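curious how this folds, go ahead:
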Amino acid sequence: MKKIKKILITAVLLLSLTVVFITPAQAATGAPKNIIIMVGDGMGFNQVLAADYYLYGKAGANPFGDFPVQLAMSTNSLGDDPGPGDDAAQVYSPTLYGRFDEWCTNVTESSAAATALSTGEKCANPSIAVAPDGRLLRHMSEDFEEIGKSTGVVTSVPITHATPAGFVAHNAKRSAYADIAREMILSSAADVILGCGHPLYNDDNTLVEEPNYGYIPEDLWIDMADGEIMGADANGDGSPDPWTFIETKEQFEALLAGPVPDRVLGVAQVYQTLQCLRVVDDWSKPAYTTPFNTGVPTLETMTKGALRVLSKNPNGFFLMVEGGAQDWAGHYNQPGRLIEEQEDFYNTVQAVIDWVEANSSWDETLLIVTADHETGLLSGAEGILSPVVNNGKGVMPTMYFHVGTTYGIPWHSNQLVPFYAKGAGAELFLAVADQYDPYRGWYLDNTELSVVIRELCGIKNTKWQDVLAAKKLGLVPVGLENYADGITREDFCRLAYELLHRVAGTEIIAPVFPTDMDPFTDYTAYVSYKVFTLYKLGIIKGVSDNRFAPDKILTREEAATILGRIAEHLNVQIPSTRVSFNDASSISPWAADAVGDMAALGIMTGTGGGNFSPRAPYTGYQAILTMLRMYNAAK
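The predicted model follows:
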């Protein structure tokens, strides 16, 4: 029943979305004016449960516990290797529940996770919005700036750390803090950047003898410290706009009343975290037993200030708020500090909810609460993944962090993370959450967050719009999912058959015993006749005698050869002009003509940097897009 209900919900929503193919200047009806994403770094299901038990004595009593959209989300990256070799190993599988020792292998870093949330595309772990082929990926904040919205990021950790940077900057290495700082402050169009990373203070909010410019370079800091620094154009008038720089607790609190600047850059007087890393000797103590740093703002205060600055824009805004230190508490095995950081995050979520209800409405603001990944493999028992144990309100739950194989400390895990949404367009996430986990229920991928948001706001050229267009034409067979992953030969044949059926009226050709038997014996009965049909039409071939290799991931050059045969079958005229690729010499001789034909026809394009990447995996989205282009070329 749940599956049927899911399909009905998805179908209704997809039908309702077919009217949203508009230009960025045309706001879609019901599009959110304000978009707020709140990321609990390292916040898995058990982190939420632990804080709920301690703070309320029961699960689900937190500020987002009653949100109408409650799902799970996968977080995998493209791995540590920029090549495709380790990509498949990163993908979440519920079989990990039976392989406890593998939870913390093949996991994402915050940089890649933030990139997926912000751009809708995966990247390798060290990178921030840079694809494996070197392409700079486009943040949705850049889209919002183009359509006149204000944008900002707020965090409880350094402003140049992976998650805030992952919504603004571009760099192949997340550790290149100096370059990231320069891009965020001097080159971006952001209107608000608030967080930590102060070079003159330590984690105890105490002045240090020697500055530590680890997160913000010295030359940039000297310019900032005067109280104002010139940045790039933020309001769209073509002229550079200055930042108002703040650092004291009183300056942050001043944002909550009276006039506020148009653009604010704030670095609290603490080095790495607002509170989590204070008094190193007390790290293992229970929650609330160590006095807090008193000279820094709370995440709640910073977020309220950001809302006042950003909401001055009548066109609305985009804001990412990160509770960043839950992750640090997990890495350093700090159950007590985790509870404190979760409460700070909860208080901040409640402040945002209060702002929406007092200053906006749920009809014009979309609020999302989620995580970039889980940290620490937090469990209620050692050596097994189980819920943390409730010991009553105000009593530390039974909690165990597990040391991963990376760096010898608790590390990120490959678990699904919680996803909550409320407000304008939130229901659309129910439609894209088309994968089911026996432990957490329906889940979406982290790349789909920005895809949905862009769709809601009428921003063109999103992958989801292409998929919707193809679905509307009947080109996408039921059950084809995981668009971001490499497509199998079998699934590509399913797409190809639907194209031929819609364009040319092709019908199934069935084998005839014993004169015309199917030569392949290694694919599923569900699609065997479709594969046989394409075989009889001369469009596909096997990989060897009697083998079709249905589960083999299709490469780009293999896709080009099949598409070339489809074009020939549909009598599509190939232009005589040729497209040259820098890596043409690496294209297999048997695929060279087809690659040239498909590029000339505009069916396939390069992967960036003038390359074709012939042996890179062909993704489900790319396959759908090329079938859509072939459909248009043939019609």
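
what's the average pLDDT for whatever helix or strand F252 lives in?
Assessed by DSSP states H and E, F252 sits inside helix 249-254. Helix 249-254 carries an average pLDDT of 98.

which residues are contacting that helix?
Helix 249-254 is contacted by residues L194, I246, G266, A268, Q269, T294, G295, V296, P297, T301, M302, G305 when judged by CB atoms under 8 Å, 6 or more residues apart in numbering. (Glycine included, C-beta is placed from N, CA and C.)

next: stretch 514-521.
Counting by CB under 8 Å, 6+ apart, P511, S528, V531, F532, Y535, G542, D545, N546, R547, F548 sit against stretch 514-521.

so how far is K536 from E427?
44 Å (CB to CB, to the nearest Å).

correction: the previous question concerned T555.
Taking CB to CB, one finds T555 at 24 Å from K536.

and if you look at N34?
Distance from N34 to K536, by CB to CB: 55 Å.

go on, D282?
73 Å.

do the same with F167
Going from F167 to K536 by CB to CB gives 51 Å.

how does this structure divide into domains?
Using automatic domain parsing, the domain parsing of the chain gives 2-460, 473-634.

may I see the ones you listed organised as JSON lines, with mean neighbour count added?
Below are the domains of the chain laid out as JSON lines (neighbours: other CB atoms under 10 Å):
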{"stretch": "domain 2-460", "mean neighbour count": "20"}
{"stretch": "domain 473-634", "mean neighbour count": "18"}
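
which among those is found nearest to D466?
Closest approach to D466 among the domains of the chain (CB to CB): domain 473-634, 5.2 Å.

start and end of that closest one, how far apart?
Using CA to CA, to the nearest Å, one end of domain 473-634 lies 14 Å from the other.

make 451 the starting number, not 1.
Sure, I'll start numbering at 451, so the last one becomes domain 923-1084.

how distant is that domain from the center of its chain?
28 Å (CA atoms, centre = their mean, to the nearest Å).

mean confidence (pLDDT) on it, please.
88.

kindly report the same for stretch 827-845.
Per-residue scores along stretch 827-845 average to 95.

export it to PDB, keeping only CA atoms.
The C-alpha coordinates for stretch 827-845 follow below in PDB (Å, rounded to 0.1, in the frame of the first residue of the first chain):
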ATOM      1  CA  LEU A 827      29.100   5.900  13.700                       C
ATOM      2  CA  LEU A 828      27.100   6.800  16.800                       C
ATOM      3  CA  SER A 829      25.300   3.800  18.400                       C
ATOM      4  CA  GLY A 830      23.600   2.700  21.500                       C
ATOM      5  CA  ALA A 831      25.900  -0.300  21.800                       C
ATOM      6  CA  GLU A 832      29.500  -1.200  20.900                       C
ATOM      7  CA  GLY A 833      30.200  -3.100  17.700                       C
ATOM      8  CA  ILE A 834      26.700  -2.800  16.300                       C
ATOM      9  CA  LEU A 835      24.600  -0.100  14.800                       C
ATOM     10  CA  SER A 836      21.600   0.400  17.100                       C
ATOM     11  CA  PRO A 837      19.600   3.300  18.400                       C
ATOM     12  CA  VAL A 838      21.100   5.200  21.300                       C
ATOM     13  CA  VAL A 839      19.500   4.400  24.700                       C
ATOM     14  CA  ASN A 840      17.100   6.800  26.500                       C
ATOM     15  CA  ASN A 841      18.100   7.200  30.100                       C
ATOM     16  CA  GLY A 842      15.600  10.000  30.800                       C
ATOM     17  CA  LYS A 843      15.500  13.800  30.400                       C
ATOM     18  CA  GLY A 844      18.600  15.500  31.600                       C
ATOM     19  CA  VAL A 845      20.600  12.300  31.700                       C
END
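
what sits up against that stretch?
Counting by CB under 8 Å, 6+ apart, 494, 496-497, 499-500, 503-509, 547, 550, 553-554, 780, 788, 847-852, 854, 860-861, 863, 865 sit against stretch 827-845.

at 7 Å instead, please
Residues outside stretch 827-845 that contact it (CB atoms under 7 Å, 6 or more residues apart in numbering): 494, 496-497, 499-500, 503-504, 506-507, 547, 550, 553-554, 780, 847-852, 854, 860, 863.

which ones among those are found in strands?
S863 (DSSP state E).

output the longest helix belonging to this protein.
In the chain, assigned by DSSP state H, the helix with the most residues is helix 785-809.

packing partners for it?
Applying 3 or more CB pairs under 7 Å, 6 or more residues apart in numbering; DSSP states H and E, one finds that helix 785-809 contacts strand 484-490, helix 495-506, helix 749-760, strand 767-773, helix 775-781, strand 815-820.

same for the fifth one, what does it pack against?
Counting by 3+ CB pairs under 7 Å, 6+ apart, the packing neighbours recorded for helix 775-781 are helix 785-809, strand 824-825.

in JSON lines: those, plus distance to P667.
As requested, those are exported to JSON lines (distance: least, CB to CB, whole Å):
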{"stretch": "helix 785-809", "distance to P667": "28"}
{"stretch": "strand 824-825", "distance to P667": "28"}
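
among the ones you listed, which is nearest R1065?
So among the helices and strands packed on helix 775-781, strand 824-825 is nearest, using CB to CB, at 33.1 Å.

what's next to that closest one, contact-wise?
Here strand 824-825 makes contact (CB under 7 Å, 6+ apart) with G492, G494, D777, G780, H781, P860, H862, S863, Q865, V867.

ok, 8 Å please
When contacts are defined by CB under 8 Å, 6+ apart, strand 824-825 is touched by residues 491-497, 525, 776-777, 780-781, 860-863, 865, 867.

with stretch 683-691 instead?
Residues from elsewhere that reach stretch 683-691, judged by CB under 8 Å, 6+ apart: E595, G598, S600, A639, A640, D641, M680, G681, A682, D712, R713.

against H611, how distant is the residue lying closest to D916 once chain neighbours are set aside?
Using CB to CB, 6 or more residues apart in numbering and skipping the chain neighbours, the partner closest in space to D916 is L1075 (5.2 Å). For L1075, the distance to H611 equals 34 Å [CB to CB].

and L1051, by the same measure?
Taken as CB to CB, the span from L1051 to H611 is 45 Å.

what of P868?
Distance check for P868 against H611: by CB to CB, it reads 22 Å.

which stretches of this protein form strands?
With DSSP E as the criterion, the chain has strands spanning 484-490, 519-524, 600-608, 642-646, 678-680, 692-696, 714-717, 767-773, 815-820, 824-825, 862-863, 867-873, 885-887, 891-895.

excluding residues flanking it in the chain, which one is nearest M752?
L644 (4.6 Å).

the one you found touches K754, doesn't it?
No. L644 lies out of contact with K754 (CB atoms under 8 Å); the separation is 10.7 Å.

quick check: angle from the longest helix of the chain to strand 767-773?
Here the directions of helix 785-809 and strand 767-773 differ by 160 degrees (axes from the mean of the first three to the mean of the last three CA atoms, to 10 degrees).

can you give me the angle helix 785-809 makes with strand 815-820?
Relative orientation of helix 785-809 and strand 815-820, computed by the same axes, to 10 degrees: 170 degrees.

next, the angle from helix 785-809 to strand 600-608.
If you take the same axes, to 10 degrees, helix 785-809 sits at 160 degrees to strand 600-608.

give me the mean pLDDT for helix 785-809.
Mean per-residue pLDDT for helix 785-809: 98.

now do that helix against helix 495-506: the angle between them, please.
On the basis of the same axes, to 10 degrees, helix 785-809 is oriented at 80 degrees to helix 495-506.

what's across from T848 in the sheet?
V839 (DSSP bridges).

quick one, what contacts A876?
Residues near A876 by CB under 8 Å, 6+ apart: F517, P518, V519, L816, I818.

hmm, try it at 6 Å
Neighbouring residues of A876 by CB atoms under 6 Å, 6 or more residues apart in numbering: V519.

same check, this time on the one 3 residues further on
For F879, the contacting residues are V519, A871, V902, taking CB under 6 Å, 6+ apart as the criterion.

out of everything not next to it in sequence, what's closest to F942?
L1004 (5.2 Å).

now swap in N996 and tell me
Leaving aside its sequence neighbours, N996 sits nearest to T971 (CB to CB, 6+ apart; 5.4 Å).
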